[in-house]
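Undergrad: Here is the input, now give the coordinates:
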Amino acid sequence: MIRLTRFKKVVIAAACGLAMFSTAHAEKVYRLKMAETWQTNFPIFGDTPRNMAAMAEKMSNGRLQITIDSANKHKSPFGVFDMVRAGQYDIGHSASYYWKGKIPATMFFTTMPFGMTAPEQYAWFYYGGGMELMEKLYGKYNLMSFPGGNTGNQMGGWFQKEINSVKDLDGLKMRVPGFAGEVLAKLGVNVTNIPPGELYTALERRTIDALEWVGPSLDLRMGFHKIAPFYYTGWHEPATELQYLVNKRTWDKLPADLQEILRVAMRESAYDMYIQSYHESAEKLAVIDTEYPNVKIRTFPKDVMAALKKADEELLAEYAKDDPFIKEVLDSQAAYLKKVRRWTDISDKAYLNSVVAPE
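TA: You can find the predicted model right below:
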């Protein structure tokens with residue numbers, strides 16, 4: 001017969017209790033709700049949070065489950081910030097520059113006119129101090145912000161009339177968000193921001209004369225080419241990064257391993273959106289080239305580009321003067337761009353300039 005001392009009995013009981021606690025803890029399911037700015041079944045943008053949720057559930061062996069409400073369900077495409085901040089939703093998927101009306105500094109974490117390309121900007125986020133600055137800003141609002149997927153360089157927009165000079169911009173009604181909207185407004189454009197689901201109707205009914213959306217990857221399915229034949233190349237959003245917003249209280253309640261799983265799932269899905277966007281833009285541009293010869297791809301004239309650049313620089317100087325945090329962000333981006341662009345110039349740019357494109 002095996003006799004156990006009182007001490008051993010206590011140790012065994014404690015070990016059994018710990019094992020039971022660990023098992024229960026490991027099996028606990030955390031159910032989170034996400035609100036997205038996009039409509040149900042919206043491609044690429046909507047694919048991204050769903051890919052993230054699926055990865056998080058798989059990597060957690062079912063312990064982390066995320067349900068997603070699209071804009072047509074929660075009815076507030078531009079209310080994601082407030083809903084996540086208030087705890088109505090645990091996570092949001094949107095774009096940081098949509099909040100510039102209430103917090104101007106947020107727009108600098110999506111993309112900037114004449115700024116970094118997607119690889120350059122990702123490098124700034126993860127290795128150049130961008131994430132720390134974003135945490136400094138969003139932390140004040142009980143939120144955490146993570147890169148949520150990049151479209152790459154966006155097109156300059158669909159126009160019903162050709163832009164031949166700066167004068168053609170004066171009085172033009174255009175949908176364009178973020179800092180680019182402020183730059184264009186400085187040149188006389190009447191800027192508005194319209195939810196994605198209303199864009200075609202606004203352009204068709206001439207509520208607006210032009211709009212900027214994304215690029216071939218998403219523009220073709222929207223039908224803009226049917227009512228606005230001039231398609232301009234981009235200058236304003238060279239690296240449009242979407243955003244995951246996470247309620248800080250929700251985050252703090254998650255076990256450390258699920259926090260890391262969520263972090264990895266967000267990062268992986270964001271990168272996957274970038275390469276998906278690149279692929280789809282190539283595919284859809286080929287369709288435009290072959291099936292829609294009425295589409296006229298244009299680049300803005302040099303005088304227009306010069307005026308845009310001048311307006312951009314003036315506005316940046318005003319923002320930096322009035323807000324110390326914005327100045328900190330802009331200084332960080334400018335310093336990093338100066339460093340990283342040197343490498344871009346002698347790597348990707350030099351390569352593209354020295355080879356002949358395939359026929």
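
Undergrad: Map the structural domains onto the sequence of this structure.
TA: 29-151+239-279, 157-238+293-332 (automatic domain parsing).

Undergrad: Is residue 97 in contact with residue 106, as I believe?
TA: Yes. Using Cβ atoms under 8 Å, residue 97 is in contact with residue 106, at 6.5 Å. Using the backbone N, CA and C atoms, a C-beta is placed for each residue, glycine as well.

Undergrad: ok, residues contacting stretch 344-354?
TA: Outside stretch 344-354, the residues within contact range by Cβ atoms under 8 Å, 6 or more residues apart in numbering are 117, 119, 120.

Undergrad: among those, who's most crowded?
TA: If you count neighbours using other Cβ atoms under 10 Å, the busiest of the contacts of stretch 344-354 is residue 120, which has 22 neighbours.

Undergrad: That residue: what's it in contact with?
TA: So, once contact is read as Cβ under 8 Å, 6+ apart, residue 120 ends up touching 239, 336, 337, 340, 341, 344.

Undergrad: Could you turn the buried ones of these into a ChimeraX selection?
TA: To isolate the buried members of those in ChimeraX, using 16 or more other Cβ atoms under 10 Å:
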select :239,336,337,340
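
Undergrad: Switch the contacts of residue 120 over to TSV; also include secondary structure.
TA: What follows is the contacts of residue 120, written out as TSV (DSSP: H, G, I helix; E, B strand; the rest coil):
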residue	secondary structure
239	coil
336	helix
337	helix
340	helix
341	helix
344	helix
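
Undergrad: Give me the mean pLDDT for stretch 91-107.
TA: Stretch 91-107 shows a mean pLDDT of 96.

Undergrad: where's the closest residue to residue 180 other than its chain neighbours, which helix or strand?
TA: What sits nearest to residue 180 in space, not counting adjacent residues and going by Cβ to Cβ, 6 or more residues apart in numbering, is residue 236, at 3.5 Å. Using DSSP states H and E, residue 236 sits in no helix or strand.

Undergrad: give me the number of residues near residue 236?
TA: Neighbour count for residue 236, taken as other Cβ under 10 Å: 26.

Undergrad: Tell me how far residue 211 lies from residue 154.
TA: 12 Å (Cβ to Cβ, to the nearest Å).

Undergrad: Could you count how many residues lie near residue 348?
TA: By the measure other Cβ under 10 Å, the count of residues near residue 348 is 13.

Undergrad: Show me which of the contacts of residue 120 is closest to residue 136.
TA: Using Cβ to Cβ, residue 336 comes nearest to residue 136 of these, at 16.2 Å.
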